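>>> whatever this is, show me its structure:
(2 chains)
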Number of protein chains: 2
Amino acid sequence: MAQNIYDDPKFFEAYSQFRRSRLGLAGAAEWPAMRSLLPLMSGARVVDLGCGFGWFCRWAHAAGAANVLGLDISEKMLARARAETRDRAITYRRADLQTLDLPEAAFDVAYSSLAFHYVEHLGRLIACVHGALGPGGRLVFSVEHPIYMAPSRPDWIELAEGRKVWPLDGYLREGKRTTDWLAPGVEKFHRTLGTTLDVLIDAGFSIRRAIEWRPTDADLAAEPSLAKELERPMFLLIAADR
Amino acid sequence: MAQNIYDDPKFFEAYSQFRRSRLGLAGAAEWPAMRSLLPLMSGARVVDLGCGFGWFCRWAHAAGAANVLGLDISEKMLARARAETRDRAITYRRADLQTLDLPEAAFDVAYSSLAFHYVEHLGRLIACVHGALGPGGRLVFSVEHPIYMAPSRPDWIELAEGRKVWPLDGYLREGKRTTDWLAPGVEKFHRTLGTTLDVLIDAGFSIRRAIEWRPTDADLAAEPSLAKELERPMFLLIAADR
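Below you'll find the predicted structure:
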């Protein structure tokens, strides 16, 4: 079973203060890029793997999806998602992505935001998603970028001349990374970009787009502190077709 | 026109001392991984973009290729390639990858080792290669990994605790990188991995494999100094089908 850190009271409290937890998709800098990878929602059957508070589920339905299934391991997140959702075409269910089963060819779009890096065996999950998508189906997901996740100490260092650099090491040593992020001992799994693409291709997906997210000029004008995001990528966004 | 640094006498002299210049493919640590990406050579029409001393051209012909065209911008490298090649099914031609033209559907395999990062406009080149491959054709190439190329000072730094890290910055700032490698002022062009994949997909290629090269256990046993290559990837190898 994957670690269920979002139900840790301290983690949940801190996470709930995040811009993206308060504002939803509009508070997530990478959302416009994620959205650009999505097919038309009109009439689509959608599954959201790691749906959190359900922001995407509600957006998908408002954008025309026929029905949306939100899955998450966190009881607390599902409780808030249910409380904030009125429409009966959106359903939420507790699920562990590590042991997930889905019906065959039941969805047109599979979506996941910043959840797959908590999953140890990505190959098993991706094979399950491939089977759950109908012909022509699309998978769109984001993860922490492996450059962001790999280092033994994932934080900027300032060199003598005042320049900040990202101290990369261990990029090719895949496996568990334990960090103290919002709560102590958060477990994530580092995979290289090449491995992630291999897993998709081996499952039968065609890679459509891989975006190493960067702030746009408009993002930088609105939020100058984002400039550091040009130094190393934080998010990896992928679209793949069944 | 791309910079022709290989014809700089100092650069050429230093490059000629390299293991891979003396031993050919057997002296290139990433060759077994490159080879794993290649289709059967039997009867294939092959083009090598940036063929250098012609090691791959001769290997391809020995492995059964019907004919092999080696292209390079460096007169000195082509002169040595010609001097070391006897077979008339292998031909060499001077060409600048930046302005390359190739006949339509004339090749089954396009190969390139560590040359595309000297090319500023990759999209133009990849479109040319796509047109030059027949249906079912395959492109296999390596470049310096963007993590290796991006930094303003691409060299290890040692932290106070004795740990070495790769000081990544500028990963999302694409464009020219000028380094003093073998000779001063060597010009290369940094593109993110995502951009390289986009260029291939937009040209009509299907991504088959993306390898962020790492030494094998056998490599590490034979050459313990390769252990640092696990900290950050040096080479990116890609196979794509037309």
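
>>> residues contacting A:A28?
A:R19, A:R20, A:M34, A:S113 (CB atoms under 8 Å, 6 or more residues apart in numbering or on different chains). C-beta: built from backbone N, CA, C; applies to glycine.

>>> pick the one among the residues you listed closest to chain B.
A:M34 (13.9 Å; CB to the nearest CB).

>>> the closest one: which element?
In the assignment (DSSP states H and E), A:M34 maps to helix A:31-37.

>>> cool, and A:I211?
strand A:206-212.

>>> check A:L236 too.
Here A:L236 is assigned to strand A:235-241, by DSSP H and E.

>>> what mean pLDDT does that strand have?
For strand A:235-241, mean pLDDT is 98.

>>> report the buried residues of stretch A:185-200.
A:186, A:188-200 (16 or more other CB atoms under 10 Å in any protein chain shown).

>>> about what we covered before: name the helices or strands packed onto the strand holding A:L236?
Using 3 or more CB pairs under 8 Å, 6 or more residues apart in numbering or on different chains; DSSP states H and E as the contact criterion, the elements in contact with strand A:235-241 are helix A:31-37, strand A:133-144, helix A:193-203, strand A:206-212.

>>> dump the ones you listed into CSV; add distance to B:G50 and mean pLDDT as well.
CSV is the format used below for those (distance: least, CB to CB, whole Å; pLDDT from 0 to 100):
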stretch, distance to B:G50, mean pLDDT
helix A:31-37, 33, 97
strand A:133-144, 34, 97
helix A:193-203, 22, 98
strand A:206-212, 25, 97
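
>>> kindly reformat those as TSV containing distance to B:A239.
Output for the helices and strands packed on strand A:235-241, formatted as TSV (distance: least, CB to CB, whole Å):
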stretch	distance to B:A239
helix A:31-37	23
strand A:133-144	22
helix A:193-203	10
strand A:206-212	12
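
>>> I'd like those laid out as TSV, including distance to chain B.
Shown next, in TSV, are the helices and strands packed on strand A:235-241 (distance: least, CB to the nearest CB, whole Å):
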stretch	distance to chain B
helix A:31-37	11
strand A:133-144	13
helix A:193-203	4
strand A:206-212	4
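
>>> still on that earlier bit, which residues touch the strand holding A:L236?
A:30, A:33-34, A:37, A:114, A:136-146, A:148, A:193, A:196-197, A:200, A:205-213, B:194.

>>> likewise for stretch A:101-108?
A:39, A:44-47, A:69, A:128-129, A:131-138.

>>> 6 Å instead?
Applying CB atoms under 6 Å, 6 or more residues apart in numbering or on different chains, the external contacts of stretch A:101-108 come out as A:A44, A:R45, A:V47, A:C128, A:G131, A:A132, A:L133, A:G134, A:G137.

>>> and the pLDDT at the closest residue to the first one other than its chain neighbours?
With sequence-adjacent residues excluded and distances taken as CB to CB, 6 or more residues apart in numbering or on different chains, A:A44 is closest to A:D108, at 4.3 Å. In this model, A:D108 is scored at 98, pLDDT.

>>> measure A:D108 to chain B for me?
Going from A:D108 to chain B by CB to the nearest CB, to the nearest Å gives 21 Å.

>>> try A:L49
Taken as CB to the nearest CB, the span from A:L49 to chain B is 22 Å.

>>> so what's that residue bridging to?
A:L71 (DSSP bridges).

>>> that one contacts A:S112, correct?
Yes. Between A:L49 and A:S112 there is a contact at 4.0 Å, judged by CB atoms under 6 Å.

>>> kindly report the residues of chain A close to chain B.
Near chain B, the residues belonging to chain A are A:165-169, A:171-173, A:192-194, A:197, A:207, A:210-212, A:214, A:230-233 when assessed by CB under 6 Å from any CB of the partner chain.

>>> burial check on A:A26, number of neighbours?
12 (other CB atoms under 10 Å in any protein chain shown).

>>> most widely separated two among the contacts of A:A28?
Greatest spatial distance in the contacts of A:A28: A:R19 and A:M34, 15.5 Å, computed using CB to CB.

>>> cool, thanks, talk later.
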